[in-house]
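[1] from the sequence below, what's the structure:
(4 chains)
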Number of protein chains: 2
Amino acid sequence: MAEREVDRSVSQTVKAQLALREQILDGSLRPGERISELQAVETTGASRTPVRMALVRLEEEGLLEAIPSGGFMVKAFSERDISDSIELRGTLEGLAARFAAERGVSARELEPLKECLAAIDELLGQVPISIEAFSSYVTLNARFHALLTELSRSPPLIRQIDRASALPFASPSGFVMAQSALPEAQQILIIGQEHHRVVIDAIENREGARAEAVMREHARLAVRNLRLALRNRTHLDLLPALALIKTATD
Amino acid sequence: MAEREVDRSVSQTVKAQLALREQILDGSLRPGERISELQAVETTGASRTPVRMALVRLEEEGLLEAIPSGGFMVKAFSERDISDSIELRGTLEGLAARFAAERGVSARELEPLKECLAAIDELLGQVPISIEAFSSYVTLNARFHALLTELSRSPPLIRQIDRASALPFASPSGFVMAQSALPEAQQILIIGQEHHRVVIDAIENREGARAEAVMREHARLAVRNLRLALRNRTHLDLLPALALIKTATD
DNA sequence: TGTATGCGTTGTGTATACAATAGCGAGGGC
DNA sequence: GCCCTCGCTATTGTATACACAACGCATACA
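    Sure thing, here's the model as predicted:
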């Protein structure tokens, strides 16, 4: 094992996990395909033990599925799986928003959320929105959702939301990507931003039910738009991990 | 490795996982305690590789926590963590009930649920309820919740609910155990059964919102009762994995 | 020609050896 | 007397060897 380049800065397990996830998400490994440990060892540069650990973690994350006779395969998702995952995430975020509202949040904690809001407002002011601005939007939106989740101050809930976001199409970025595929994309982003504004307002005024409702509506909007986008498959290459969608009737 | 008794019927990994989970839940390993691989190797009878796999899985399950410098420790939960986990589970089950109601369920699919219902009715008819009957109740209740979850026909949601139930105090049995610690236990079980009846009725009549609401109320009831039970710590030894609760002010 | 059986190959499950790191204790210097 | 540093030990991270099981192919027999 002389010539193998070993990067000691990160653990082999983490390195293998990242490499494999990337391979899955970029479509190098097709859904349903069996993932061979030896092959993974070659492509990741780690040895079998860390590769196996990475495979177990990716299974728990939901990207892989255990094969009864042994080994793992890339999981395949139906369109319904994806919309359910988005709605699921929305429901959890709704609960997070309600917790935040009911338990109370200081002005200081809300500040970064408001900064996000303002930054997004500025981006959305541009008509039409530039590619760079859109990219910034994706980042800011993810940040907003993460901060909102944190506001719940509930480690079990935060953990569960993180898990629900592991599936790329169910992550906040996935929301946006799906919506961006539609012609009326900018209008949709503006409505989403309105939701963001309402949830902050509801939390500030300690209106738990309203905070929860708006987050759920936020997700339902994303589901509706994803359905539309999947009908007329335009620009869907923007949607990460589209490769994971079972080409249903194929 | 001649004298080590090896059971080939189940994998060493699974065996180690079960053994370690039991050790954690029965309190042999205290919350916050570092769990040594070598020690686990001795107590489980498996070797280090399967033990490590089991540790990773238990971490993903939420029973263990990774230590930054390496290794794992038993996770500790606050009272709030526990009530949040129960509410979280109730929210997910509410979503499952709504999915079932909105998507429609055949009479044939509802039948096992109704059988559960009837069996529980019979048990609760006894006043006061016997220990054996209570034990049957726990099983039947768990079955009811599992069947209800299945009705959603949503693999991502089912998966998430299963994960949320991995924490023993957040499982349906945990609900019941917590409630049983109170003097008015039987009355509480009867109210819970009423919830079960309502959710079935709502699903049959395709009333999604009502089905969801009653499951959430079901969980909120459990949370309230858990709080009460923790106040007057009577019979709490019935609550599995109570050992995981951080003895907050200790 | 079709089917069944046996052998070979491939790949996972398990065990263990080796390497590296972190934590702790002891000793010496300031 | 206290603190800093060096080294040892214990424990984890990684690599690899070995064993067993499953799948496929080929061959032989019906």
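[2] quick one: average pLDDT of stretch A:125-143?
    Mean pLDDT, stretch A:125-143: 83.
[3] check contacts around the residue nearest the centre of chain A.
    Centroid check for chain A by C-alpha atoms, centre = their mean gives A:Ser171 as the closest residue, at 1.4 Å. With contacts defined as C-beta atoms under 8 Å, 6 or more residues apart in numbering or on different chains, A:Ser171 is in contact with A:142, A:165. Where you see a C-beta, it was placed from the backbone N, CA and C, and this is true even at glycine.
[4] please tell me how far it sits from DNA strand C.
    28 Å (C-beta to the nearest atom of the strand, to the nearest Å).
[5] go on, A:Thr13?
    In terms of C-beta to the nearest atom of the strand, A:Thr13 sits 14 Å off from DNA strand C.
[6] what about the helix or strand containing that residue and chain B, any contact?
    Per DSSP states H and E, A:Thr13 falls inside helix A:12-25. No. Against chain B, helix A:12-25 shows no contacts by C-beta under 8 Å from any C-beta of the partner chain, the least distance being 9.0 Å.
[7] who are the packing partners of that helix?
    Applying 3 or more C-beta pairs under 8 Å, 6 or more residues apart in numbering or on different chains; DSSP states H and E, one finds that helix A:12-25 contacts helix A:37-44, helix A:48-61.
[8] residues near A:Glu37, how many?
    13 (other C-beta atoms under 10 Å in any protein chain shown).
[9] show the contacting residues for it.
    Residues near A:Glu37 by C-beta under 8 Å, 6+ apart: A:48, A:51-52, A:55, A:71.
[10] for the helix holding A:Thr13, what is the average pLDDT?
    90.
[11] stretch A:149-166 too?
    On average, stretch A:149-166 scores 94.
[12] who touches it?
    By C-beta under 8 Å, 6+ apart, stretch A:149-166 touches A:61-63, A:85, A:88-89, A:92-93, A:95-97, A:99-100, A:103, A:105, A:109-110, A:113, A:170-172, A:203, B:62, B:80-81, B:84-85, B:88, B:160, B:163-164, B:167, B:170.
[13] 7 Å - rerun?
    A:61-62, A:85, A:88-89, A:92-93, A:95-96, A:99-100, A:103, A:105, A:109, A:170-171, A:203, B:81, B:84-85, B:88, B:160, B:163-164 (C-beta atoms under 7 Å, 6 or more residues apart in numbering or on different chains).
[14] from the residues you listed, which land in helices?
    A:61, A:85, A:88-89, A:92-93, A:95-96, A:99-100, A:103, A:109, A:203, B:81, B:84-85, B:88, B:160, B:163-164 (DSSP state H).
[15] filter those residues to the buried ones?
    A:61, A:85, A:88-89, A:92-93, A:95-96, A:99-100, A:203, B:81, B:84-85, B:88, B:160, B:163-164 (16 or more other C-beta atoms under 10 Å in any protein chain shown).
[16] avg pLDDT for the helix or strand where A:Val176 lies?
    According to DSSP H and E, A:Val176 maps onto helix A:172-180. Averaged over helix A:172-180, pLDDT sits at 73.
[17] same check on stretch A:34-52?
    Mean predicted confidence for stretch A:34-52 is 91.
[18] likewise for stretch A:226-233?
    On average, stretch A:226-233 scores 76.
[19] output that stretch as CSV, nothing but the C-alphas.
    Output in CSV follows, covering the C-alpha atoms of stretch A:226-233 (Å, rounded to 0.1, in the frame of the first residue of the first chain):
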residue,chain,number,x,y,z
LEU,A,226,-42.8,19.9,-8.4
ARG,A,227,-45.8,18.1,-9.9
LEU,A,228,-46.1,20.8,-12.6
ALA,A,229,-42.4,20.8,-13.3
LEU,A,230,-42.4,17.0,-13.7
ARG,A,231,-45.3,17.3,-16.3
ASN,A,232,-43.4,19.6,-18.6
ARG,A,233,-39.9,18.3,-18.1
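[20] next, the buried residues of it.
    Result for stretch A:226-233 [16+ other C-beta under 10 Å]: buried residues A:226, A:228-230.
[21] ditto for stretch A:150-170
    A:150-161, A:163-165, A:167-170.
[22] any idea how far it is from the chain center?
    The gap between where stretch A:150-170 is centred and where its chain is centred comes out at 10 Å by C-alpha atoms, centre = their mean, to the nearest Å.
[23] A:Ala142: what secondary structure?
    helix (DSSP: H, G, I helix; E, B strand; the rest coil).
[24] beta partners of the closest residue to A:Leu55 other than its chain neighbours?
    Nearest residue to A:Leu55, sequence neighbours excluded (C-beta to C-beta, 6 or more residues apart in numbering or on different chains): A:Phe72, at 5.2 Å. On the basis of DSSP bridges, A:Phe72 is bridged to A:Ile35, A:Ala66.
[25] look at A:Phe72 and say how many residues are nearby.
    21.
[26] surely it is in contact with A:Gly62?
    No. Using C-beta atoms under 7 Å, A:Phe72 is not in contact with A:Gly62, being 12.0 Å away.
[27] how is chain A carved up into domains?
    Per automatic domain parsing, the structural domains of chain A span A:12-74, A:79-244.
[28] out of those, which gets nearest to DNA strand D?
    Smallest distance to DNA strand D across the domains of chain A (C-beta to the nearest atom of the strand): 3.1 Å, for domain A:12-74.
[29] what about that closest one, how long is it end to end?
    21 Å (C-alpha to C-alpha, to the nearest Å).
[30] is that domain anywhere near DNA strand D?
    Yes. Contact between domain A:12-74 and DNA strand D, assessed by C-beta under 7 Å from any atom of the strand, occurs at A:12-13, A:46-50, A:53, A:69-70.
[31] would you check that A:Ala133 makes contact with A:Gln126?
    Yes. A:Ala133 lies in contact with A:Gln126 (C-beta under 7 Å); the separation is 5.6 Å.
[32] grab the nearest non-local neighbour of whichever residue of chain A sits closest to chain B.
    As assessed by C-beta to the nearest C-beta, chain B sits closest to A:Glu60 within chain A, at 3.8 Å. Leaving out its chain neighbours, the residue that sits closest to A:Glu60 by C-beta to C-beta, 6+ apart is B:Glu60, at 3.8 Å.
[33] model confidence for the one you found, exactly?
    At B:Glu60, pLDDT is 89.
[34] thought it was touching A:Glu59?
    No. Using C-beta under 7 Å, B:Glu60 makes no contact with A:Glu59, being 8.7 Å away.
[35] got the residues of chain A near DNA strand C?
    A:8, A:34-38, A:48-49, A:52, A:70-71.
[36] quick check on these: which are buried?
    Counted by 16+ other C-beta under 10 Å, these give A:35, A:49, A:52 as buried.
[37] before we move on, the earlier item: any chance of the helices and strands packed on helix A:12-25 in CSV, plus distance to B:His195?
    Shown next, in CSV, are these (distance: least, C-beta to C-beta, whole Å):
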stretch, distance to B:His195
helix A:37-44, 47
helix A:48-61, 31
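[38] name the stretch among these that sits most buried.
    Of all the helices and strands packed on helix A:12-25, helix A:48-61 has the most neighbours on average by mean count of other C-beta atoms under 10 Å in any protein chain shown, namely a mean of 20.
[39] verify the stated contact: A:Ser47 with A:Val41.
    Yes. Counting by C-beta under 7 Å, A:Ser47 touches A:Val41, with 6.2 Å between them.
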